[in-house]
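Enquirer: coordinates only, sequence not included:
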């Protein structure tokens, strides 16, 4: 799912969890519950039962659930066959599996959105 050098998932938001507000993490987050608000993290995985309404900033995201909002990913956005994204996406690379849904505006950059990132 993520690059081999990436660490394991450090934060998990379970299926019965609802969070409203801002989440900031320098590591990876798996979301199986519901989040309304702003998420800033290194890597994000939205499970089949995960739902996000709000803006996301990350290096990469895999969407297996539902995202409604703006995604800014400096490396990649992947929408799986069960995933759905409604809104705007900004990235350098996007992958949508057969059956995955995307409705909105996409802006594919030629290089990283975050030039200071190494």
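Expert: Yep, it's here. Here the structure is a predicted model, which means the values were calculated and not measured.

Enquirer: From now on I want contacts and neighbour counts done on CA atoms only, so please keep to that.
Expert: Will do.

Enquirer: for the record, mean pLDDT for stretch 49-68?
Expert: Stretch 49-68 shows a mean pLDDT of 98.

Enquirer: got it, and stretch 84-97?
Expert: Per-residue scores along stretch 84-97 average to 97.

Enquirer: hmm, who's touching it?
Expert: Contacting residues not belonging to stretch 84-97 are listed as 63-81, 100-113 [C-alpha atoms under 8 Å, 6 or more residues apart in numbering].

Enquirer: Mind doing that once more with 6 Å?
Expert: For stretch 84-97, the surrounding residues in contact (C-alpha atoms under 6 Å, 6 or more residues apart in numbering) are 66-81, 100-109, 111.

Enquirer: What residues of that stretch count as buried?
Expert: Using 16 or more other C-alpha atoms under 10 Å as the test for burial, stretch 84-97 gives 84, 85, 86, 87, 88, 89, 90, 91, 92, 93, 94, 96.

Enquirer: Direction included, what does the longest strand anywhere in the chain pair up with?
Expert: When the chain is parsed with DSSP state E, its longest strand is strand 66-79. With DSSP bridges as the test, strand 66-79 is paired with strand 51-53 (parallel), strand 56-63 (parallel), strand 84-91 (parallel), strand 94-96 (parallel).

Enquirer: Looking at those, which is nearest to residue 23?
Expert: strand 56-63 (9.6 Å; C-alpha to C-alpha).

Enquirer: mind listing what's buried in the closest one?
Expert: By neighbour count on 16+ other C-alpha under 10 Å, the buried set for strand 56-63 is 56, 57, 58, 59, 60, 61, 62, 63.

Enquirer: now those in JSON lines, with distance to residue 11?
Expert: Formatted as JSON lines, the buried residues of strand 56-63 follow (distance: C-alpha to C-alpha, whole Å):
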{"residue": "56", "distance to residue 11": "16"}
{"residue": "57", "distance to residue 11": "16"}
{"residue": "58", "distance to residue 11": "14"}
{"residue": "59", "distance to residue 11": "16"}
{"residue": "60", "distance to residue 11": "15"}
{"residue": "61", "distance to residue 11": "14"}
{"residue": "62", "distance to residue 11": "15"}
{"residue": "63", "distance to residue 11": "16"}
